[in-house]
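Enquirer: I'd like to go over a predicted model; first the sequence, then the structure.
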2 protein chains.
Amino acid sequence: MNRQFRLAHRPVGAAKETDWDLVTELVPSPGDGEFVVQIQQLSLDPAMRGWMNAGRSYVPPVEVGAVMRAYATGTVVVSRHPDFPVGELVTGEFGVQEYALSDGRGVRRIDRQLPVSASAYLGVLGLTGLTAYFGLLDVGQFQPGQTVVVTGAAGAVGSTVGQLAKLQGGRVVGIAGGAEKCHYLVHELGFDAAIDYKSENIRQALRTHAPYGADVFFDNVGGDILNDGLLRLAQRARVVLCGAVSQYNSTTGAQGPDNYLALLIARARMEGFVVTDYEDRYDEAIEALARWITDGALIAAEDIIRDSILAFPKTLARLFAGENTGKLILELEGAA
Amino acid sequence: MNRQFRLAHRPVGAAKETDWDLVTELVPSPGDGEFVVQIQQLSLDPAMRGWMNAGRSYVPPVEVGAVMRAYATGTVVVSRHPDFPVGELVTGEFGVQEYALSDGRGVRRIDRQLPVSASAYLGVLGLTGLTAYFGLLDVGQFQPGQTVVVTGAAGAVGSTVGQLAKLQGGRVVGIAGGAEKCHYLVHELGFDAAIDYKSENIRQALRTHAPYGADVFFDNVGGDILNDGLLRLAQRARVVLCGAVSQYNSTTGAQGPDNYLALLIARARMEGFVVTDYEDRYDEAIEALARWITDGALIAAEDIIRDSILAFPKTLARLFAGENTGKLILELEGAA
């Protein structure tokens, strides 16, 4: 049997247990050119909250009644597709369920030769790593010697952004919630400094740790942290808008940065991007990221919860509560 | 005697009559290398409100007790400077007064051969025109065929931005306050459409007049108009932050654009600039602007108030009330 979470209601504010229908159906049978994947690891991403809303943003919403969208890894267990034989380890947009039917579109094979875990394909070698790479280097126009301030710094994208900037000769200041995360950023990931937004005054701390201002302000959180950061931009700074996880559950809409006119004084820009626009350059990025991972220069920070699929709703809530460090993954027990 | 307005207090909210000291002193006597200008026209600019605040933005504030900063035109009436003989018509940062002492630094001679009025040097051939030119073409990266939406469109910068975009093959939509201004934009300046923010729903009107969204959103006003505009950006749009006249008198600080995440969906950027950064390219711009003015292709929209210097405070208030159309100038009676 295949257990799956379907969207029951569009949530108001944070997603609740009652916004989901847990449905059990027969494991699908593949037709010609199809195969079935037994899902091992589900990726939990801030973007999920946006997918649950009505209205298209840069991807269509998940329809009410449909299986929740999710990236995942898994193993082919039944196949009528020549390129995806039984036993193949794959990653794709398989949804929040135990088994997925696929025709192979958008599915990547996981290279077992690389000394990286399959979960890396959901994180540093997946959209997370690609988002960090193109956001920092292309949108952020980062150059060696510059100062990068990254918010949501202990999260999947943030931890990768900071490490990439360090690898390329930057000064890196992370903003994260809690002493433990901050210790991790500095002592495990090699950030120059970390600011605990739960206990520190961000503006003062930025004055200390980024005395010349941020050349790149890479924002994953929005809200007051972005607003404070705008007052500490270097001249011609780039504010990279990657996300706004502090705002996604708001019932009154997002809160704009009141200090936006700081962009004028600093001759700075704030720019949004969508990683899928860089699809024709994914290979370049994945090659670089895989090399750094293999060399041990880049740590694929992961927060793996081992539980049944029933834990999906509460694991998703962890993400918006800021409880994870690194890429949040739900690894399905018994499926590996 | 020389009457002048000095800053008495830093205003809270809008500048009031009591924020000024009207001082009468002797007309200064020039030393060697100095000259005295009798001021004819004072330029009234939204930036003046910022200059009255404490704290440096991109220029230092006007000190309490100092003559208020203002750009002006005038005639040299006494001179001990070889390059600025009596009778020369000049423009510079002469301040809100009837006579100014100068050593020539930052002073430009007005070319009487050009078929443009001296006041044009405060507007379309001055910082106003330069701001429009570099903001649209350089920061805004405007290209022929693109749609430009400009706010504060009947103001000095806005009216120039719209005309420049029309001259170079753009579709131009102006947002301004009142039917009269909107009629002027379309029927006198050749805008494709104008939206009256006082009587129209901006989002709906933009859907009608900019059906493919704004490639360049040139913002002079901030507040709700900017916020609405962010929802009507074309993909890869550029939001040019030139000013925020709706916010300068706020006592609670500026209001940020809550819809800023629209930048992410549109892969758009919002960028601030300061025209004086382009100083080494002023000649290129002034040459182009003067040619268009001479050809009659560009109208130097001006709103000239003829009165004594005593009218300065109430003329400045006109600017923030949105009562002017085009460049607001106080022309001193009896000084021309």
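Expert: It's in.

Enquirer: what helix or strand is A:Lys181 located in?
Expert: If you go by DSSP states H and E, A:Lys181 is part of helix A:179-187.

Enquirer: tell me the buried residues in that helix?
Expert: Buried residues in helix A:179-187, counted by 16 or more other C-beta atoms under 10 Å in any protein chain shown: A:181-182, A:184-186. (Glycine included, C-beta is placed from N, CA and C.)

Enquirer: near chain B, which residues of chain A?
Expert: A:57-58, A:222, A:227, A:241-244, A:247, A:253-274, A:277 (C-beta under 8 Å from any C-beta of the partner chain).

Enquirer: can you give me the helices in the stretch 1-150 of chain A?
Expert: In chain order, the stretch 1-150 of chain A shows helices spanning A:47-51, A:127-134, with DSSP state H, counting those that start in this stretch as the criterion.

Enquirer: residues near A:Gln4, how many?
Expert: 22 (other C-beta atoms under 10 Å in any protein chain shown).

Enquirer: actually A:Ala154, sorry about that
Expert: By other C-beta under 10 Å, neighbour count at A:Ala154 equals 27.

Enquirer: and what of A:Phe35?
Expert: 25.

Enquirer: which ones are touching the nearest residue to A:Ala47 once chain neighbours are set aside?
Expert: What sits nearest to A:Ala47 in space, not counting adjacent residues and going by C-beta to C-beta, 6 or more residues apart in numbering or on different chains, is A:Gly243, at 7.4 Å. Contact analysis of A:Gly243 by C-beta atoms under 8 Å, 6 or more residues apart in numbering or on different chains lists A:46-47, A:152, A:157, A:219-222, B:264.

Enquirer: top of the residues you listed by neighbour count?
Expert: A:Val157 (30 neighbours).

Enquirer: what does the pLDDT read for that residue?
Expert: Looking at A:Val157, its pLDDT reads 96.

Enquirer: list the buried ones in the strand or helix carrying it?
Expert: Assigned by DSSP H and E, A:Val157 falls within helix A:156-167. Neighbour counts over helix A:156-167 (16+ other C-beta under 10 Å) mark A:156-166 as buried.

Enquirer: residues making contact with the helix of greatest length in chain A?
Expert: Taking DSSP state H as the assignment, the helix of chain A that covers the most residues is helix A:282-295. Here helix A:282-295 makes contact (C-beta under 8 Å, 6+ apart) with A:114-116, A:120, A:124-125, A:129-130, A:133-134, A:167, A:278, A:298, A:300.

Enquirer: wait, which of those is closest to B:His9?
Expert: In terms of C-beta to C-beta, no member of those lies closer to B:His9 than A:Phe134, at 50.3 Å.

Enquirer: for the closest residue to chain B within the stretch 1-150 of chain A, which non-adjacent residue is spatially closest?
Expert: Scanning the stretch 1-150 of chain A for proximity to chain B using C-beta to the nearest C-beta identifies A:Ser57 as nearest, at 5.0 Å. Leaving aside its chain neighbours, A:Ser57 sits nearest to B:Ile265 (5.0 Å; criterion: C-beta to C-beta, 6+ apart).

Enquirer: pLDDT score for the one you found?
Expert: For B:Ile265, the model assigns a pLDDT of 91.

Enquirer: for it, give me its contacts.
Expert: Counted by C-beta under 8 Å, 6+ apart, B:Ile265 has contacts A:57-58, A:272, A:274.

Enquirer: ok, back up a step: just the CA trace of the helix holding A:Lys181, in CSV.
Expert: Taking Å, rounded to 0.1, in the frame of the first residue of the first chain, the C-alpha atoms of helix A:179-187 are listed here in CSV:
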residue,chain,number,x,y,z
ALA,A,179,23.7,30.0,20.2
GLU,A,180,24.0,26.4,19.0
LYS,A,181,23.5,27.3,15.4
CYS,A,182,25.9,30.2,15.7
HIS,A,183,28.6,28.1,17.2
TYR,A,184,28.1,25.6,14.4
LEU,A,185,28.5,28.2,11.7
VAL,A,186,31.7,29.5,13.1
HIS,A,187,33.3,26.3,14.4
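
Enquirer: residues making contact with it?
Expert: In contact with helix A:179-187 (C-beta under 8 Å, 6+ apart) are residues A:153-154, A:159, A:162, A:174, A:176, A:191-196, A:199, A:325.

Enquirer: what ranges do the strands span in the stretch 151-300 of chain A?
Expert: Taking DSSP state E, counting those that start in this stretch, the strands of the stretch 151-300 of chain A run over residues A:171-176, A:193-196, A:214-219, A:233-241, A:269-272.

Enquirer: redo those as JSON lines? Include mean pLDDT.
Expert: Converted to JSON lines, the strands of the stretch 151-300 of chain A look like this (pLDDT from 0 to 100):
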{"stretch": "strand A:171-176", "mean pLDDT": "98"}
{"stretch": "strand A:193-196", "mean pLDDT": "98"}
{"stretch": "strand A:214-219", "mean pLDDT": "98"}
{"stretch": "strand A:233-241", "mean pLDDT": "98"}
{"stretch": "strand A:269-272", "mean pLDDT": "98"}
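
Enquirer: how close does A:Ala288 sit to B:Asn227?
Expert: Here the criterion is C-beta to C-beta, to the nearest Å. By it, A:Ala288 lies 39 Å from B:Asn227.

Enquirer: looking at these two, which has the bigger crowd around it?
Expert: A count of neighbours by other C-beta under 10 Å puts B:Asn227 above the other of A:Ala288 and B:Asn227, at 19 against 16.

Enquirer: grab the nearest non-local neighbour of that one.
Expert: Excluding its sequence neighbours, the residue lying closest to B:Asn227 (C-beta to C-beta, 6+ apart) is B:Pro257, at 4.5 Å.
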